[in-house]
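K.L.:
this one's structure only:
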Ligand code: GDP
């Protein structure tokens, strides 16, 4: 990637897109094409085609998506499948028609079967049923991978696909009901500390295992693949290690300085018992993450304190 090449970061205000933007800026890329949702509606084929015709992006990071936790997925299944399919078809199609040199598509670990063996290897894709609560989102993401595969086979389109594990970091959604576990716990422990509450309630039994990757590591992996990877196979990106929700809650408790007790509410769902990606393909390419979970939680808590208004 030339430092002055026109680069389009689709979704640059989201958790992932904003981290990719920080990484590109810190590495001196100067010709960054950014459009807010108000400026460019990615679900409009005409608008996206017009944008590509005028701006001719050479590199495309496709980090725009309609995302949300279990409740949002459950309440808005139509938007989750429609908007994600539309965004992908429009951006991938326009990148092909207007001869972008390369496109990186971000998938999700929820594309894999609910009962996939652990750790999850890339080849487990489409070998079993999906988790029903986010099936519309997962189907859209799988269609994205397959769209890129088809354009590559028929037209030689240079699209690559990265599957991130659970992400966290600055810019995350800290809503108590609609967010994922890590930001929800940061907020809950912080508020319990302020209120000097005797205990904090953690959903489920505390025994499920999850893998967490700081979004700045994901952004570094995205730039690494954009520079060094041109193959059709999808690539998992994670840290290769998981923790129990109980261990995670302990880490958040320490980071926030909360001194009370943990209470587990087993009437709330545990979800999948374990979700860990096999990251040996990425390791063989020569990339590994840098931000340890304890350090990432600490800096994300600082970000939360500075930005919670
Ligand atoms: P998942 O990885 O798709 O299951 O998504 P989540 O991040 O929502 O949940 C991960 C695990 O954390 C589940 O076992 C939840 O029950 C547990 N958990 C504990 N406390 C919370 C919380 O406050 N919010 C959420 N979202 N999950 C929590």
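P.N.:
Alright, I've got the coordinates. Quick caveat: nothing in here was measured; it's all calculated off a predicted structure.

K.L.:
hmm, stretch 73-91 touching the ligand?
P.N.:
No - interface with the ligand: stretch 73-91 contributes nothing (Cβ under 6 Å from any ligand atom), its closest point being 9.3 Å away. Bear in mind the C-beta positions are built from the backbone N, C-alpha and C, glycine included.

K.L.:
Need the residues that contact that stretch.
P.N.:
Here stretch 73-91 makes contact (Cβ atoms under 8 Å, 6 or more residues apart in numbering) with 10, 42-45, 48-49, 60, 62, 64-66, 68, 72, 103, 105, 133-137, 139-141, 143-144, 147.

K.L.:
Then stretch 290-302?
P.N.:
Contacts of stretch 290-302 (Cβ under 8 Å, 6+ apart): 168-170, 172, 182-183, 186, 190, 212, 214, 216-217, 220, 239, 243, 251-252, 254-256.

K.L.:
of these, buried ones?
P.N.:
Buried subset of the contacts of stretch 290-302 (neighbour count, 16 or more other Cβ atoms under 10 Å): 168-170, 172, 182-183, 186, 190, 212, 214, 216-217, 220, 239, 251-252, 255-256.

K.L.:
The residues you listed in strands, which ones?
P.N.:
Using DSSP state E, 168, 212, 214 are the members of those that sit in strands.

K.L.:
could you redo the residues you listed as JSON lines and give each row distance to the ligand and pLDDT?
P.N.:
As requested, these are arranged in JSON lines below (distance: Cβ to the nearest ligand atom, whole Å; pLDDT from 0 to 100):
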{"residue": "168", "distance to the ligand": "9", "pLDDT": "97"}
{"residue": "212", "distance to the ligand": "9", "pLDDT": "98"}
{"residue": "214", "distance to the ligand": "15", "pLDDT": "98"}
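
K.L.:
a markdown table for those, including distance to residue 34?
P.N.:
Conversion of those to a markdown table gives the following (distance: Cβ to Cβ, whole Å):
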| residue | distance to residue 34 |
| --- | --- |
| 168 | 23 |
| 212 | 28 |
| 214 | 23 |
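
K.L.:
Okay, now the unreliable bits of this structure?
P.N.:
For the chain, the stretches with pLDDT under 70 are 309.

K.L.:
Now with 90, please.
P.N.:
68-75, 131-134, 175-180, 268-273, 308-309 (pLDDT under 90).

K.L.:
Show me the strands in it, by range?
P.N.:
Here the chain has its strands, by DSSP E, at 7-10, 32-33, 59-62, 102-106, 159-164, 166-168, 199-203, 209-210, 212-214, 235-237, 243-244, 261-265, 274-275.

K.L.:
and residue 121, which of these is closest to it?
P.N.:
With Cβ to Cβ as the criterion, residue 121 lies closest to strand 235-237 of the strands of the chain, at 7.8 Å.

K.L.:
Pairing partners for the closest one, with directions?
P.N.:
Applying DSSP bridges to the sheet, strand 235-237 is found paired with strand 159-164 (parallel).

K.L.:
how far does stretch 124-138 stretch from start to finish?
P.N.:
14 Å (Cα to Cα, to the nearest Å).

K.L.:
Flag every buried residue along it.
P.N.:
Here stretch 124-138 shows 124, 125, 130, 131, 133, 134, 135, 136, 137, 138 as buried, counting by 16+ other Cβ under 10 Å.

K.L.:
Which of those residues fall in helices?
P.N.:
135, 136, 137, 138 (DSSP state H).

K.L.:
ok, and of those, which contact the ligand?
P.N.:
Among those, no residue lies close to the ligand (Cβ under 6 Å from any ligand atom).
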